[in-house]
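*Asks:* With the input below, show me the fold.
(one chain, ligands or ions: 1)
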Amino acid sequence: MSLPAPNTFAGATLDRAGHLRTDPERLAALRADPAARAVVIVREGALVEGEVGTFGADAWDRPTGSVRAVRVPLGPDAQPDAPFLGLEPGGAPLFALDALPGGAPPAGTEPLNLRAAAAILPAEDAGLLGYASGLLHWHRATRFCGKCGAATAAGEGGHVRSCRNGHSHHPRTDPVVIMLVTDGDRVLLGRQAVWPERRYSALAGFVEPGESLEEAVAREVREETGVEVAGVRYVSSQPWPFPASLMLGFEARYAGGQPATLDGELEDVAWFSRDEVAAAAGEGGAGRLLLPPRLAIARRLVDAWIGS
Ligand SMILES: [Zn+2]
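*Replies:* As a prediction, the model looks like this:
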């Protein structure tokens, strides 16, 4: 059996080379290496080159373009604490910059919203830019120590920030459970009022302190819909750098209760038959259901269930 392709934002191929982060001499040499490059993430998005093309009405679905992540020379003027991301497959050191070198995009490049870019980037570049984006966001959000309020400074190649009082902070990832509740040949999907018309998707929510993933799945489904689940089973995960989530995908078996919108997060929740979902997954996707775009792990969960 062949493994399915990684979810979007997984699949970065660089070697993170964590052992180099604590080696200041090697790090300095990597920064000075003429082969050193950097990916760039600014407020408008990630720096890419190629054909951006067009997107369907539905943001990231049915895009026509094809782009790659731009690697700019790191250069001697680069931010001295630009985070070290790792070593590219050819061995070149790679860093992350949160400003355009020289203040403007190099010719033939442009910053593109990361969500849109992910739909038309090779998997390894989407993974790489998601990694860079998450790390740079954490730096911006951790300029002061959460324990004592003093300013923090980056260390370990940009993988730790510490204050003068010895408090250290590490990049964080926030776990979110996303689950497909199934009952034989039907599946429970919900919709939020802000989504495009007819869009329904898997239920989801943040994991809370002191809670296992299985407990989070059961609690979120109960809170949002009044439905009880059993047989919670992990399927796959997706880094979701908006700004720092990790989507943990599950299937759960329906165990009772009448679906209803309970906590105000959902506008509607309903059962859909396997035939109805399969029809929506096909080209055109007519009917009362519009599935999430293929970029989303919710769609991967639905597609796997259709084929199961
Ligand atoms: Zn502190």
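
*Asks:* Name the SS class of the residue lying closest to Ala279 once chain neighbours are set aside, please.
*Replies:* Distance criterion CB to CB, 6 or more residues apart in numbering; nearest residue to Ala279, sequence neighbours excluded, is Gly287 at 5.6 Å. Quick note: C-beta positions are derived from backbone N, CA and C, even for glycine. Recorded secondary structure, Gly287: coil (DSSP: H, G, I helix; E, B strand; the rest coil).

*Asks:* Can you name the residues that contact Gly287?
*Replies:* Counting by CB atoms under 8 Å, 6 or more residues apart in numbering, Gly287 makes contact with 198, 276, 279-280.

*Asks:* Pull out the buried residues from these.
*Replies:* 279-280 (16 or more other CB atoms under 10 Å).

*Asks:* Turn the contacts of Gly287 into TSV, including secondary structure and pLDDT.
*Replies:* As requested, these are exported to TSV (DSSP: H, G, I helix; E, B strand; the rest coil; pLDDT from 0 to 100):
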residue	secondary structure	pLDDT
Arg198	coil	91
Glu276	helix	94
Ala279	helix	92
Ala280	helix	91
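
*Asks:* now, which of the contacts of Gly287 sits nearest the ion?
*Replies:* Nearest to the ion among the contacts of Gly287, counting by CB to the ion, is Arg198 at 49.6 Å.

*Asks:* tell me the pLDDT at the closest residue to the closest one other than its chain neighbours?
*Replies:* In space, and not counting its chain neighbours, Arg198 is closest to Leu290: 4.0 Å by CB to CB, 6+ apart. pLDDT for Leu290: 91.

*Asks:* And Leu290, how far from Arg299?
*Replies:* Distance, Leu290 to Arg299, by CB to CB, to the nearest Å: 11 Å.

*Asks:* Alongside the ion, which residues does the protein contribute?
*Replies:* When proximity is defined by CB under 5 Å from the ion, the chain lies next to the ion at 145, 147-148, 150, 163, 165, 167.

*Asks:* give me the beta-bridge partners of Ser179?
*Replies:* Check again: residue 179 is Met, not Ser. Leu203, Phe250 (DSSP bridges).

*Asks:* So what touches stretch 102-116?
*Replies:* 40-42, 44-49, 52, 55, 59-60, 63, 67, 70, 72, 100, 129-130, 133, 241-242, 295.

*Asks:* shaky segments in the stretch 201-308 of the chain?
*Replies:* 284-286 (pLDDT under 70).

*Asks:* where along it do the helices fall?
*Replies:* Per DSSP state H, counting those that start in this stretch, the stretch 201-308 of the chain carries helices over the ranges 213-225, 274-281, 297-306.

*Asks:* quick check: angle from the last one to helix 274-281?
*Replies:* An angle of 130 degrees separates the directions of helix 297-306 and helix 274-281 when computed by axes from the mean of the first three to the mean of the last three CA atoms, to 10 degrees.

*Asks:* Show me what helix 297-306 is packed up against.
*Replies:* In terms of contacts (3 or more CB pairs under 8 Å, 6 or more residues apart in numbering; DSSP states H and E), helix 297-306 is packed against strand 174-183, strand 228-240, strand 245-256, helix 274-281.

*Asks:* Nothing else from me, thank you.
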